[in-house]
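Visitor: Below are the sequence and a predicted model; questions follow.
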Amino acid sequence: MSFRFPRLMLALAGALTLAACEAQPVVQKAPELSFADKSPFRLDVGQLEIVPEYVPSGRKPNIEHLMALSPEGATVRWAQDRLRPIGRSGFARVLIKDAKVVEVPLPTEKGFTGMFKEQQAERYEASLDVAIQILDERHMPIADVIARAARSQTVSEGATLNERDRVLYQLSEALIRDIDGQMESLIRTYLARWVRD
């Protein structure tokens, strides 16, 4: 009889431990953003510089600092994939002027009727401004272009952490693909003098 109680407690502790382990949500790994499917712009400059001018506040309502792929991170990857310095002198500078994502709480219907509705609880509002400057050997700007993009997306009350992360990843990806589409035209039109085939 004296051995039965400790065994029962041990079995109960083991079952509780397993239950606690199973309750933890599995964090999904976001896919890696890439522009490898597109030919890079071969620029007649010696170096590429990436300068983040936007300084995140690090607190709500801003949430870009919490994202697996922030608009700034997406822009850095874009610049590394799409802009290739092949010249001997001069610089191409990518300025990240704005890269914010703000979480806006939405009003939801409370009470009995609200319990039976899947309501949108938050809206993520994101903006991205990216400039490219061509600078001479003295680091003086001689040409520039700028592209701007804005997107927003709502999430429902019952959205899981993984679902929210996926929405935020897609938001950053959509922003930088908007920027890429604009830059495709801007570079060929206004920076054509520095583009080499």
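Guide: Received, thanks. Residues are numbered from 1 along each chain as shown.

Visitor: hey, let's count contacts and neighbours off CA atoms from now on
Guide: Noted.

Visitor: Can you list the residue ranges for helices in this structure?
Guide: Secondary structure of the chain (DSSP state H): helices at 4-23, 71-82, 111-114, 161-190.

Visitor: Quick check, pLDDT for the residue nearest to residue 104 when sequence neighbours are not counted.
Guide: Excluding its sequence neighbours, the residue lying closest to residue 104 (CA to CA, 6 or more residues apart in numbering) is residue 123, at 5.1 Å. In this model, residue 123 is scored at 95, pLDDT.

Visitor: Over to residue 138?
Guide: 95.

Visitor: what's the distance between the residue lying closest to it once chain neighbours are set aside and residue 48?
Guide: Among residues not flanking residue 138 along the chain, residue 90 sits closest, at 7.9 Å (CA to CA, 6+ apart). Per CA to CA, to the nearest Å, residue 90 is found 9 Å from residue 48.

Visitor: what's the neighbour count on the residue nearest to residue 138?
Guide: 20 (other CA atoms under 10 Å).

Visitor: So for stretch 188-197, mean pLDDT?
Guide: 95.

Visitor: low-scoring stretches of the protein, by residue?
Guide: Along the chain, segments meeting pLDDT under 70 span 1-28, 30, 109, 111-118.

Visitor: If you count neighbours, what's buried in stretch 147-166?
Guide: 147-150, 152, 154-155, 164-166 (16 or more other CA atoms under 10 Å).

Visitor: oh sorry, the question was meant for stretch 169-180
Guide: The neighbour-count check on stretch 169-180 (16+ other CA under 10 Å) flags 169, 171-180 as buried.

Visitor: in the sheet, who's paired with the residue nearest to residue 104?
Guide: Beta-bridge pairing of residue 123 under DSSP bridges involves residue 104, residue 154.

Visitor: which residues touch it?
Guide: 103-106, 152-155 (CA atoms under 8 Å, 6 or more residues apart in numbering).

Visitor: let's see it at 10 Å
Guide: 102-106, 152-156 (CA atoms under 10 Å, 6 or more residues apart in numbering).

Visitor: same deal with residue 53?
Guide: So residue 53 contacts 72, 94-99, 130 (CA under 10 Å, 6+ apart).

Visitor: Kindly recompute the last result at 8 Å.
Guide: By CA under 8 Å, 6+ apart, residue 53 lies in contact with 95-98.

Visitor: do the same with residue 62
Guide: Applying CA under 8 Å, 6+ apart, the residues near residue 62 are 56, 100-103.

Visitor: Turn the residues you listed into CSV, columns for distance to residue 31 and neighbour count.
Guide: Converted to CSV, these look like this (distance: CA to CA, whole Å; neighbours: other CA atoms under 10 Å):
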residue, distance to residue 31, neighbour count
56, 24, 15
100, 21, 23
101, 20, 28
102, 23, 18
103, 23, 18
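
Visitor: tell me the two of these that are most distant?
Guide: The two members of the contacts of residue 62 with the most space between them (CA to CA) are 56 and 103, at 13.7 Å.

Visitor: separation between residue 87 and residue 97?
Guide: 26 Å.

Visitor: and if you look at residue 72?
Guide: 9 Å.

Visitor: And for residue 60?
Guide: As judged by CA to CA, residue 60 and residue 97 stand 20 Å apart.
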